[in-house]
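Trainee: using only what follows, build the 3D model:
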Amino acid sequence: MATVMERIQRGTPTFSVEFFPPKTDEAERTLWNTVRSIEPLDPAFVSVTYGAGGSSRDRTVRTTGRIATDTTLTAMAHLTAVDASMEDLRHVIGSYAEAGISNVLAIRGDPPNDKDAEWVPHPAGLQYTEELVHMVRRLGSFCVGVAAFPYLHPRSGDEDTDTRFFVQKVKAGAEFAITQMFYDADQFLRMRDRIAAAGCEIPIMPGLMPITTPKAMERGADFSGAALPTAMAERLEPLADDAAAFRDAGIDLCVELSQRMYDEGVGNIHYISMNRHPAVVDVVQRLGVASFPDA
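Mentor: Down below sits the predicted model:
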């Protein structure tokens, strides 16, 4: 299987898509409908998330492995250190290797049940993401990515601390990064500039989600940890009672933000799909970054 780095270095703008492991049979059908609809568009890669505290660990391994073996897509699995011993982590990493998965996003993860709670490492586990990155690289031939935070990591006291921890993850072996979801282009660019000023120039991919409903707007603010920029809220809020107009405006905003990212030199944008494809397809079609097969 190709690595994420190989797939994003095509010389032209690319996109990728994030899924989460299904919890029910109906959700699994929805996911695989999405996977099959996205596949012909040739995304650079697709990723499968990993629940806090390992709550979806087995489903993540199974879903990512099935994508790797049953489709033409390049698959990337998530891995967190939350509530996991080193032995647990070795087992999951080994399962990924056995499934033919060569790409891993290593993140420390949020505490289960309350993402704002104090981080407490497993007694036989790891404290920092850099340790997880080092473990993954040591145990197999993996291409490893990490998270980046335009609004700062929730437990970073200032920009210098946030930058230092990011650089340590890269020194441990991370080759690329995907950001926490955001909607403020300037926040992303300031983060990218300070990381580059620290001598670290790995690809940093924006994590974006099209806002198609008022509920998605609320979810986006929760995911990002920051309120929607005022200008975006002013365009969306008056349309809350008009589902079609709200969706159209949300797609417009995502296209505009994505184009700004490409114009600023970003090579790949990572779209959070919520396991549904129409909004992502609409966005990448408008941007012209996907190869659409003839009908």
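
Trainee: run through this protein and note the low-pLDDT ranges.
Mentor: Counting by pLDDT under 70, the chain shows low-confidence ranges at 51-56, 110-117, 119, 291-295.

Trainee: and the longest helix for it?
Mentor: What stands out as the longest helix in the chain, according to DSSP state H, is helix 243-263.

Trainee: helices or strands up against that one?
Mentor: Applying 3 or more C-beta pairs under 8 Å, 6 or more residues apart in numbering; DSSP states H and E, one finds that helix 243-263 contacts helix 185-197, strand 204-208, helix 214-224, helix 230-236, strand 268-272, helix 278-287. Just so you know, the C-beta spots here come from the backbone N, C-alpha and C atoms, and that holds for glycine as well.

Trainee: Val104 versus Phe165, what's the distance?
Mentor: 19 Å (C-beta to C-beta, to the nearest Å).

Trainee: neighbour count winner among the two?
Mentor: Of the pair Phe165 and Val104, Val104 is the one with more neighbours under other C-beta atoms under 10 Å, namely 28 against 18.

Trainee: in a helix, that one, correct?
Mentor: No. According to DSSP: H, G, I helix; E, B strand; the rest coil, the state of Val104 is strand, so it is not within a helix.

Trainee: mind listing what it touches?
Mentor: Counting by C-beta atoms under 8 Å, 6 or more residues apart in numbering, Val104 makes contact with Met76, Ala77, His78, Leu79, Ile93, Tyr96, Val136, Phe142, Cys143, Val144, Gly145.

Trainee: what is the nearest of those to His277?
Mentor: Met76 (17.7 Å; C-beta to C-beta).

Trainee: distance-wise, check the closest one relative to Arg29.
Mentor: Per C-beta to C-beta, Met76 is found 23 Å from Arg29.

Trainee: between these two, who's got more neighbours?
Mentor: Shown here are Met76 and Arg29; by other C-beta under 10 Å, Met76 has more neighbours (32 against 11).

Trainee: okay, and the beta partners of the closest residue to the more buried one other than its chain neighbours?
Mentor: In space, and not counting its chain neighbours, Met76 is closest to Asn103: 3.8 Å by C-beta to C-beta, 6 or more residues apart in numbering. Note on Asn103: beta-bridge partners by DSSP bridges are Cys143.

Trainee: what about Thr80, neighbour count?
Mentor: Count around Thr80 with other C-beta under 10 Å applied: 25.

Trainee: so what's it bridging to?
Mentor: In this entry, Thr80 is beta-bridged to Ile107, by DSSP bridges.

Trainee: start at 10, not 1
Mentor: Renumbered: residue one is now 10, and that last one reads Thr89.

Trainee: pretty sure it is touching Ile116, no?
Mentor: Yes. Using C-beta atoms under 8 Å, Thr89 is in contact with Ile116, at 5.4 Å.

Trainee: what's the overlap in contacts for those two?
Mentor: By the contact definition C-beta under 8 Å, 6+ apart, Thr89 and Ile116 are jointly contacted by Tyr59, Leu141.
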